[in-house]
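Enquirer: Pasting a predicted model and its sequence here:
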Amino acid sequence: MKSVNELPSADGLWSGIRFAADASVEGAIVVEQGAIRWAGARKALPAEFTALAQHDGGGALVTPGLVDCHTHLVYGGQRANEFAMRLAGATYEEVAKAGGGIVSSVRATREADEDTLFAQAAARLEQLLADGVCAIEIKSGYGLSLEHERKQLRVARRLGEAYGVTVRTTFLGAHALPPEYAGRSGEYIDLVCDEMLPALAAEGLVDAVDVFCERIAFSLAETERVFKAAKALGLPVKLHAEQLSDMGGAVLAARYGALSCDHIEHLSAEGIEAMRRSGTVAVLLPGAYYTLRDTHLPPIAALRAAGVPMAVSTDHNPGTSPALSLLLMVNMACTLFRLTVPEALDGVTVHAARALGLQDTHGAIAPGMPANFVLWNVREAAELAYWFGQQPVRAVVRQGRIAIGANA
Ligand code: DI6
Ligand code: FE
């Protein structure tokens, strides 16, 4: 792997490109010192920019860099055995109750040292980056003790530095009850709120706080305790809400001004209204829906009618969504959830950025923003959703550098 500093600068004039919104018109982007200086139709380009270093897009379609706003990328081992159990008829909840599920990844994560976790997560990150991802959220939640949650979050930070990709870390200490706290869930939440979160936040390892609010995880009251602790530290919250049942998590999260509620297959009308009022993003995770062979669709039409922004993400994790292509999630969001193509593309750009509080720096190609954009070998935007298993990336400009396609 090339170190970030060796990657060529993207500064100069990018022409021979077409914006997804109107692919019939030639577009141009001016990058100056790693940031977007100007973007628009080639024929409207101010004369002052015409003599800059030239980058020929070769007719490629251009979109903002993709944002994967919900991942559990750092963990030890893998869980193909559970995949086989589910094929034989077991449900996710049954697997979890039999000692598999999240806690089996906790065992493997605790056993792995930081460098091993880094190497394994880096290999996965490279796959996501190859698909045009320029910003990614990475959650903890497979350590479930101060030492091991710290190890996961440190790996997440190191990945961002090594690859020159924006990483937002989310502390998910309340992901599952660690075995040593069996039957003592309240005491574990004490540990999360009073020790783990303050210590990790003080080390600068936490950008946001998440909880898995579910029958097999934590209750609404426990979730609120974690939210209070996050708020006391000035940290934004998000929630794994209403994935397997309607726990009322979205209403609670909205009260705490959550950035996003994620999964939300069982989201109620009340939850939608609360999210609308608080400006909370609905993060749709078709990879988990697909893997679990779920049949309960998230309330897409009602979210659309309410104007709640919908993001789409991989939810990459070893149990329910071992997905390493955000573009495949775009396809699934359309095919399984019936999003329109523009909705799905907004879902992995502008709305995904908002779900991470990154709307001022990611998810759009606009003057003043860092240069994060992707050139695609397709004729029209619908192709980004239509093909699957294809890798149509021609070039990726990430943080002002040409990370892929250095000949552009
Ligand atoms: N919801 C999920 O889909 C993942 N975590 C969560 O809270 C699953 C994590 C796992 O099974 O390892
Ligand atoms: Fe998740």
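Expert: That came through, no problem. Ligands and ions are numbered 1, 2, ... in the order given.

Enquirer: the longest strand in the protein is where?
Expert: strand 54-64 (DSSP state E).

Enquirer: Run the chain-centre distance for that one.
Expert: 25 Å (CA atoms, centre = their mean, to the nearest Å).

Enquirer: what about Ser104, helix or strand, and which?
Expert: helix 102-111 (DSSP states H and E).

Enquirer: Indicate each strand paired with the longest strand of the chain and its parallel or antiparallel sense.
Expert: strand 12-19 (parallel), strand 373-376 (antiparallel) (DSSP bridges).

Enquirer: Remind me what the helix or strand that comes right after that strand packs against, helices and strands.
Expert: Using DSSP H and E, the helix or strand that follows strand 54-64 in sequence is strand 66-68. Judged by 3 or more CB pairs under 8 Å, 6 or more residues apart in numbering; DSSP states H and E, strand 66-68 is in contact with strand 133-139, helix 326-335, helix 350-355. The way it works is simple: take the backbone N, C-alpha and C, and place the C-beta from them, glycine included.

Enquirer: for the longest one, the distance to its chain's centre please.
Expert: The one in question is helix 326-335. 14 Å.

Enquirer: Next, the buried residues of that helix.
Expert: Leu326, Leu327, Leu328, Met329, Val330, Asn331, Met332, Ala333, Cys334 (16 or more other CB atoms under 10 Å).

Enquirer: Is that helix in proximity to ligand 1?
Expert: No. Figure legend: helix 326-335 not in contact with ligand 1 (CB under 6 Å from any ligand atom); closest approach 13.2 Å.

Enquirer: how about the nearest residue to the residue in the chain positioned nearest to ligand 1, chain neighbours excluded?
Expert: Using CB to the nearest ligand atom, the closest approach of the chain to ligand 1 is made by Gly319 at 2.3 Å. Spatially, and ignoring its direct neighbours in sequence, Gly319 is nearest to Arg79 (5.5 Å; CB to CB, 6 or more residues apart in numbering).

Enquirer: With Ser321 instead?
Expert: Ser321 sits nearest to Gly287 (CB to CB, 6+ apart), 3.7 Å away.

Enquirer: what secondary structure does the one you found sit in?
Expert: Using DSSP: H, G, I helix; E, B strand; the rest coil, the secondary structure recorded for Gly287 is helix.

Enquirer: Alpha carbons only: can I get the longest strand of the chain in PDB?
Expert: Provided in PDB are the C-alpha atoms of strand 54-64 (Å, rounded to 0.1, in the frame of the first residue of the first chain):
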ATOM      1  CA  GLN A  54      -5.500  19.100 -16.500                       C
ATOM      2  CA  HIS A  55      -7.200  15.900 -15.400                       C
ATOM      3  CA  ASP A  56      -9.300  14.200 -18.200                       C
ATOM      4  CA  GLY A  57     -12.200  12.200 -16.900                       C
ATOM      5  CA  GLY A  58     -12.700  10.400 -20.200                       C
ATOM      6  CA  GLY A  59     -16.400  11.000 -20.100                       C
ATOM      7  CA  ALA A  60     -16.900   9.400 -16.700                       C
ATOM      8  CA  LEU A  61     -20.000  10.100 -14.500                       C
ATOM      9  CA  VAL A  62     -19.000  11.800 -11.300                       C
ATOM     10  CA  THR A  63     -20.600  11.600  -7.900                       C
ATOM     11  CA  PRO A  64     -19.600  12.800  -4.400                       C
END
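
Enquirer: Now it: buried residues?
Expert: Quick answer for strand 54-64 (16+ other CB under 10 Å): His55, Gly57, Ala60, Leu61, Val62, Thr63, Pro64.

Enquirer: before we move on, the earlier item: what's around the residue of the chain closest to ligand 1, how many residues?
Expert: 24 (other CB atoms under 10 Å).

Enquirer: isn't it right next to Ala108, touching?
Expert: No. Gly319 sits out of contact with Ala108 when judged by CB atoms under 8 Å, with a separation of 11.7 Å.

Enquirer: contact partners of the helix or strand bottoming out on mean pLDDT in the chain?
Expert: Lowest by mean pLDDT, DSSP states H and E among the helices and strands of the chain is helix 92-97, with a mean of 85. If you take CB atoms under 8 Å, 6 or more residues apart in numbering as the criterion, helix 92-97 is touched by 82, 85-86, 101-103, 176, 215-216, 244, 292, 319-320.

Enquirer: Make a PyMOL selection of the buried ones in the residues you listed.
Expert: Buried members of the contacts of helix 92-97, defined by 16+ other CB under 10 Å, are picked up in PyMOL with:
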select buried, resi 82+85+86+101+102+103+176+216+244+292+319+320
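
Enquirer: Make CSV out of the contacts of helix 92-97 and add pLDDT.
Expert: Shown next, in CSV, are the contacts of helix 92-97 (pLDDT from 0 to 100):
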residue, pLDDT
Glu82, 92
Met85, 91
Arg86, 91
Gly101, 91
Ile102, 93
Val103, 92
Ala176, 95
Arg215, 89
Ile216, 87
Leu244, 91
Leu292, 90
Gly319, 95
Thr320, 94
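
Enquirer: Which members of the contacts of helix 92-97 define the maximum pairwise distance?
Expert: Using CB to CB, the contacts of helix 92-97 span at most 19.4 Å, a distance reached by Met85 and Arg215.

Enquirer: what pLDDT does the residue nearest to Gly347 when sequence neighbours are not counted get?
Expert: Of all residues not flanking Gly347 in the chain, Val312 sits nearest, at 3.5 Å (CB to CB, 6+ apart). Looking at Val312, its pLDDT is 99.

Enquirer: Just list the residues touching Val312, thanks.
Expert: 283-286, 326, 329-330, 333, 339, 344, 347-348, 352.

Enquirer: 6 Å instead, please
Expert: Neighbouring residues of Val312 by CB atoms under 6 Å, 6 or more residues apart in numbering: Leu284, Met329, Ala333, Ala344, Gly347, Val348.

Enquirer: nearest to Ala385, of those residues?
Expert: Ala344 (5.5 Å).

Enquirer: give me the element that closest one is part of.
Expert: Counting by DSSP H and E, Ala344 is part of helix 341-347.

Enquirer: Can you verify Leu358 is assigned to a helix?
Expert: No. Read with three-state DSSP, Leu358 is coil and lies in no helix.

Enquirer: Kind regards, and thank you for your time.
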